[in-house]
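Asker: Compute the structure for the input listed below.
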Amino acid sequence: MKRKVTKAVFPVAGLGTRFLPATKSIPKEIMTLVDRPLIQYAIDEARAAGIKEFIFVTSRGKGALEDYFDLAPVLESALRKKGKDDLLEILKATNMESGAIAYIRQHKAMGLGHAVWCARRLIGNEPFAVMLPDDVIAADKPCLQQMVEAYEETGANMVAAMEVPRDRTNAYGILDVDRDMGDKVLVKGMVEKPEIGKAPSNLAVIGRYILTPKVLQNLNRMKQGAGGEIQLTDAIAEEIGGQGVYGFRFKGQRFDCGSKAGFLQATVSFALARPELHDELMQYLSETVAQREAAE
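Answerer: As a prediction, the model looks like this:
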């Protein structure tokens with residue numbers, strides 16, 4: 001009998017140096033797309049997938065992240081007195097029940113595999129999800145929910161995958177496909193950031209995983225891999241001949257909010273999806289484009 005996926009690990013220990021100076025004083029995960037922090041999009045997606053326990057792997061300077069999910073009695077009282085019930089409802093989605101969220105410190109930046117390994121005692125002997133908040137996915141059915149449903153069919157390790165341009169394969173973990181079944185592909189190999197021209201496919205792993213506890217055992221034995229870090233890809237790849245690994249082609253649009261360009265693209269896309277912002281923003285964008293074209 002397959003166990004349900006009810007735990008998720010959020011590796012959020014990174015310094016966010018690409019967004020300095022903003023990240024000098026605030027965690028990158030608190031930066032907002034329109035009016036919601038990156039981490040809120042990840043939490044909402046996890047909840048929709050049935051996740052009940054949220055494990056954050058953090059580092060020094062992430063206090064604002066912990067405060068974000070706490071109650072804010074003074075703010076709530078002020079809103080209540082002013083009769084702003086709509087804003088109180090919005091705040092409710094940011095509160096986490098006592099005991100639902102846990103924080104683990106990653107003392108050294110030793111890679112994604114090491115970050116997940118830090119959470120091993122809280123995960124125990126259960127399947128679990130890993131979510132990278134930098135990858136924001138706009139989808140009718142949340143990406144992790146799609147993956148949980150697919151996992152229930154296979155019971156094997158699963159990584160979210162998307163096609164990328166061949167000249168960008170060196171920026172991703174790339175899948176070597178054994179069998180292509182449409183939304184799922186059976187994996188026979190995984191290569192972390194291969195040189196351009198040497199990638200086995202253009203199917204890239206992005207920041208959503210459903211993993212079996214065996215991957216944690218593999219991480220226990222892991223040595224440093226590409227870039228001197230402990231790679232999660234390596235620990236998952238060890239299961240190709242064991243419990244199996246599938247790539248899952250999710251339905252939705254992924255934004256790389258770890259880059260400035262991706263963050264800006266996501267901001268525009270999510271703002272245009274909001275009825276109260278769409279018309280004014282679209283008019284501004286249209287006028288800006290027209291002015292630039294006229295100037296050229």
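Asker: For the stretch 151-296 of the chain, which segments count as strands?
Answerer: Using DSSP state E, counting those that start in this stretch, the strands of the stretch 151-296 of the chain run over 157-163, 173-180, 184-192, 203-211, 245-249, 253-256.
Asker: Now mean pLDDT too, for these, in CSV please.
Answerer: Converted to CSV, those look like this (pLDDT from 0 to 100):
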stretch, mean pLDDT
strand 157-163, 93
strand 173-180, 88
strand 184-192, 88
strand 203-211, 93
strand 245-249, 93
strand 253-256, 94
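Asker: Out of those strands, flag the one nearest Ala139.
Answerer: strand 253-256 (7.3 Å; C-beta to C-beta). Bear in mind the C-beta positions are built from the backbone N, C-alpha and C, glycine included.
Asker: In CSV: the strands of the stretch 151-296 of the chain, plus distance to Asn218 and mean neighbour count.
Answerer: As requested, these are exported to CSV (distance: least, C-beta to C-beta, whole Å; neighbours: other C-beta atoms under 10 Å):
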stretch, distance to Asn218, mean neighbour count
strand 157-163, 10, 23
strand 173-180, 15, 19
strand 184-192, 13, 19
strand 203-211, 10, 24
strand 245-249, 12, 23
strand 253-256, 26, 19
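Asker: Would you mind giving those as CSV with distance to Glu239 added?
Answerer: Shown next, in CSV, are the strands of the stretch 151-296 of the chain (distance: least, C-beta to C-beta, whole Å):
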stretch, distance to Glu239
strand 157-163, 5
strand 173-180, 13
strand 184-192, 9
strand 203-211, 8
strand 245-249, 6
strand 253-256, 24
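Asker: quick one: which of the ones you listed is nearest Cys118?
Answerer: Here strand 203-211 is closest among the strands of the stretch 151-296 of the chain (C-beta to C-beta), at 14.5 Å.
Asker: From the chain's centroid, how far away is the closest one?
Answerer: Relative to the chain's own centre, strand 203-211 is displaced by 9 Å; criterion: C-alpha atoms, centre = their mean, to the nearest Å.
Asker: What strands line up against it, and which way round?
Answerer: The pairing partners recorded for strand 203-211 under DSSP bridges are strand 128-131 (antiparallel), strand 157-163 (antiparallel), strand 173-180 (antiparallel).
Asker: okay, the angle between that strand and strand 184-192?
Answerer: Counting by axes from the mean of the first three to the mean of the last three C-alpha atoms, to 10 degrees, strand 203-211 lies at 100 degrees to strand 184-192.
Asker: Put the alpha carbons of strand 203-211 into PDB.
Answerer: C-alpha atoms of strand 203-211 as PDB (Å, rounded to 0.1, in the frame of the first residue of the first chain):
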ATOM      1  CA  LEU A 203      13.900  17.600 -20.900                       C
ATOM      2  CA  ALA A 204      14.900  19.500 -17.800                       C
ATOM      3  CA  VAL A 205      14.200  18.900 -14.200                       C
ATOM      4  CA  ILE A 206      12.600  21.900 -12.400                       C
ATOM      5  CA  GLY A 207      11.800  22.600  -8.800                       C
ATOM      6  CA  ARG A 208       9.200  20.000  -7.900                       C
ATOM      7  CA  TYR A 209       9.900  16.500  -6.700                       C
ATOM      8  CA  ILE A 210       8.100  13.600  -5.000                       C
ATOM      9  CA  LEU A 211      10.600  11.300  -3.500                       C
END
